[in-house]
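# next input, structure requested:
(one chain, ligands or ions: 2)
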Amino acid sequence: MKKVEITPKKLGGTICIPSSKSVSHRAVMCAALSQGTSVITNILLSDDITATCRAMETLGAEIKYEENEGKRFTLTITGVSRPDTEGKTIDCIESGSTLRFIIPLLALKARDSRVIGRGRLVERPMQPYYDIFEEQDITYQKETEGQELPLCFTGTLKPGTYRLNGSISSQFITGLLFALPLLDGDSVIEITTPLESRPYIDITLDIMEKFGIAVVNEDYHLFRVAGNQRYAARDYRIEGDFSQGAFWLVGGILGEKTDCEDLQFASSQGDKAIIEIIQDMGGSVAQTETGYVTKPGSTHGAVVDVSQCPDLVPVLTVLAALSQGTTEIVGAARLRFKESDRLAAMNEVLTTLGAKVTEHPEGMTIEGVKLFTGGVVDSHNDHRIAMAAAIASFACQDKLTITGAESVRKSYPDFWKDFKKMGGVIHEFDLGE
Ligand SMILES: O=C(O)C1=C[C@@H](OP(=O)(O)O)[C@@H](O)[C@H](O)C1
Ligand SMILES: C=C(OP(=O)(O)O)C(=O)O
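Ligands and ions are numbered 1, 2, ... in the order given. Sure thing, here's the model as predicted:
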């Protein structure tokens, strides 16, 4: 456990945004399923991406790791077009993406295949896959009463029609999209309710296409996937991450001018919505040659539907709490099933800091205040809560202590190093395990 004590200060400067976690998961998986060798550059080996790399190695892919600077790696991946899945145990650590993406691959031919994990991952929803298992006579067993993981299963995924609810997690759809092209017949995925987190499906389809896999998307309602396809190796550079960029972009509004490098205007990442949201709230954001720059200034409340960009919510609530008037965060039900219940966690953090927050089942109402107090807040072992609290410190009057600060390892292991590079004054306390 690590605790970070921040002496409040408005930060700013130039920051090279870490590479996209969502793109990295997908590129590693596609490369690892390809015939031939792919070179993937600008990979950040966070805990979640490490989980995906190890998972694909367990299934037979070979990965060579070459460190460049600051935990950014070049991976040379020699794929395995028929993954070796029988009797394999995959440790997903705390990564929902790894878990939901690997299960259909294991189910290509599962025999006592197991997925394990820890932290909140053992509680996160899995029912859509259980429904498919039951329909397809795949037997499964949860090994611990009241927990989804460890999960052991045996059986074979068959081509056919898959019906999935669109509001639980898009990760189930991405997982199926990866595996179905490898079956020996054609399949259809039918989404039975409006699809949330849709941009993550765009990222999946975009990267699969780059690795040679065709999927016909009928308006996000029906996905037609031909069987007997093969992933084709290619070299690929991972672009910067808008979800991580969002912390620093909001930082530039609350602190000093911040230049965020490696954020692509043409990205398929849904979290580039942060640009429009900041603009809608009256904030100053402009495109640069390499990314976006934000400048300090006052912002006002807005109604923000986050159903397509849930990962923006923690830092967005910080901006809302320091904006004039009222902000309504709507369409946020799925936030309760992430690394923490993010609506409850941000309510707790912001209330501790003196903000006026009302939590609803599917969102939050936030009345802006001028400044925060300070105090002690907990990350709830959630990287995005820790990073949002760190940005909130720019507006604190007293010191801010964040417990569970090590949780940033999940997606942004150098976050505290970057925080110091941007001028942050922090004391880090290692509290042991
Ligand atoms: O596919 C992905 O890379 C992700 C999908 C989203 O999850 P949901 O589809 O469950 O909202 C997002 O919250 C998560 O951080 C990453
Ligand atoms: C929810 C997240 O990731 P995952 O679902 O992959 O654990 C996240 O990074 O905010």
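
# residues in contact with the helix or strand encompassing residue 5?
Of the helices and strands defined by DSSP states H and E, residue 5 is found in strand 2-7. Applying C-beta atoms under 8 Å, 6 or more residues apart in numbering, the contact partners of strand 2-7 are 390, 393, 396, 399-406, 416, 424-431. From N, CA and C alone the C-beta is placed, and that goes for glycine too.

# just the buried residues of those.
Among these, the ones that count as buried by 16 or more other C-beta atoms under 10 Å are 390, 393, 396, 399-406, 416, 424, 426.

# if I pick the residue in the chain positioned nearest to ligand 2, what's in contact with it?
When scored by C-beta to the nearest ligand atom, the chain has residue 96 as its residue closest to ligand 2, at 2.8 Å. The neighbours of residue 96, taking C-beta under 8 Å, 6+ apart as the test, are 121, 124, 169, 171, 338-339.

# swap the cut-off to 7 Å and go again
121, 124, 171 (C-beta atoms under 7 Å, 6 or more residues apart in numbering).

# quick one, phi psi at it?
phi -60, psi -40 (degrees, to the nearest 10).

# and it, what pLDDT?
pLDDT recorded at residue 96 is 98.

# repeat that for residue 315.
According to the prediction, residue 315 has pLDDT 98.

# sec struct for it, please.
For residue 315, the assignment made with DSSP: H, G, I helix; E, B strand; the rest coil gives helix.

# give me the distance between it and ligand 1.
Going from residue 315 to ligand 1 by C-beta to the nearest ligand atom, to the nearest Å gives 13 Å.

# pretty sure that residue is touching residue 390, no?
No - using C-beta atoms under 7 Å as the test, residue 315 is too far from residue 390 to be in contact (9.6 Å).

# circling back: how far is the strand holding residue 5 from where the chain is centred?
With C-alpha atoms, centre = their mean, to the nearest Å as the basis, strand 2-7 stands 24 Å off its chain's centre.

# follow-up on the earlier one: which of the buried ones among the contacts of strand 2-7 fall in strands?
400-403, 426 (DSSP state E).

# need the max-distance pair from the buried ones among the contacts of strand 2-7.
The most widely separated members of the buried ones among the contacts of strand 2-7, counting by C-beta to C-beta, are 396 and 406 (21.0 Å).

# on that earlier part again, now the strand holding residue 5: average pLDDT?
Per-residue scores along strand 2-7 average to 97.

# list the strands paired with it, with their directions.
Note on strand 2-7: by DSSP bridges, its sheet partners are strand 400-403 (antiparallel), strand 425-430 (antiparallel).

# I'd like the ones you listed as a markdown table, with distance to ligand 1 and mean pLDDT appended.
Listed next are those as a markdown table, based on distance: least, C-beta to the nearest ligand atom, whole Å; pLDDT from 0 to 100:
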| stretch | distance to ligand 1 | mean pLDDT |
| --- | --- | --- |
| strand 400-403 | 21 | 98 |
| strand 425-430 | 26 | 96 |
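
# okay, those in a markdown table with distance to residue 9 next?
As requested, these are arranged in a markdown table below (distance: least, C-beta to C-beta, whole Å):
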| stretch | distance to residue 9 |
| --- | --- |
| strand 400-403 | 11 |
| strand 425-430 | 6 |
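
# quick one: which of those is nearest residue 16?
Residue 16 lies closest to strand 425-430 among the strands paired with strand 2-7, at 19.9 Å (C-beta to C-beta).

# show me what the closest one is in contact with.
With contact meaning C-beta under 7 Å, 6+ apart, strand 425-430 is reached by 2-7, 9, 416, 419-420.

# pull the CA atoms of it into PDB?
Provided in PDB are the C-alpha atoms of strand 425-430 (Å, rounded to 0.1, in the frame of the first residue of the first chain):
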ATOM      1  CA  VAL A 425       5.100  18.400  -4.700                       C
ATOM      2  CA  ILE A 426       4.400  15.100  -3.100                       C
ATOM      3  CA  HIS A 427       5.600  12.900  -0.300                       C
ATOM      4  CA  GLU A 428       5.200   9.200  -1.000                       C
ATOM      5  CA  PHE A 429       4.800   6.800   1.900                       C
ATOM      6  CA  ASP A 430       5.300   3.100   1.400                       C
END
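
# and that strand, how far out from the chain's middle?
Averaged over its C-alpha atoms, strand 425-430 has a centre that lies 26 Å from its chain's centre (C-alpha atoms, centre = their mean).

# what of stretch 396-416?
How far stretch 396-416 lies from its chain's middle: 17 Å, per C-alpha atoms, centre = their mean.

# check stretch 113-128 too.
With C-alpha atoms, centre = their mean, you get 16 Å for stretch 113-128.

# ditto for stretch 282-295
On C-alpha atoms, centre = their mean, the centre of stretch 282-295 falls 23 Å from the chain's centre.

# that older thread, for the residue of the chain closest to ligand 2, give its distance to residue 232.
28 Å (C-beta to C-beta, to the nearest Å).

# and what of residue 304?
Distance, residue 304 to residue 232, using C-beta to C-beta: 40 Å.

# so for the two, which residue has more residues nearby?
Set residue 304 next to residue 232 and count neighbours by other C-beta atoms under 10 Å: residue 304 wins out with 25 against 18.

# so the more buried one: helix, strand or coil?
strand.

# list the beta-bridge partners for it.
Going by DSSP bridges, residue 304 forms beta bridges with residue 329.

# gap between residue 45 and residue 225?
30 Å.

# between those two, which has more neighbouring residues?
Using other C-beta under 10 Å, the more surrounded residue of residue 45 and residue 225 is residue 225, with 24 against 16.

# on that earlier part again, filter the contacts of residue 96 by proximity to ligand 1?
Of the residues in the contacts of residue 96, proximity to ligand 1 by C-beta under 6 Å from any ligand atom holds for residue 171.

# most neighbours of all the contacts of residue 96, which one?
Going by other C-beta under 10 Å, residue 171 tops these with 25 neighbours.
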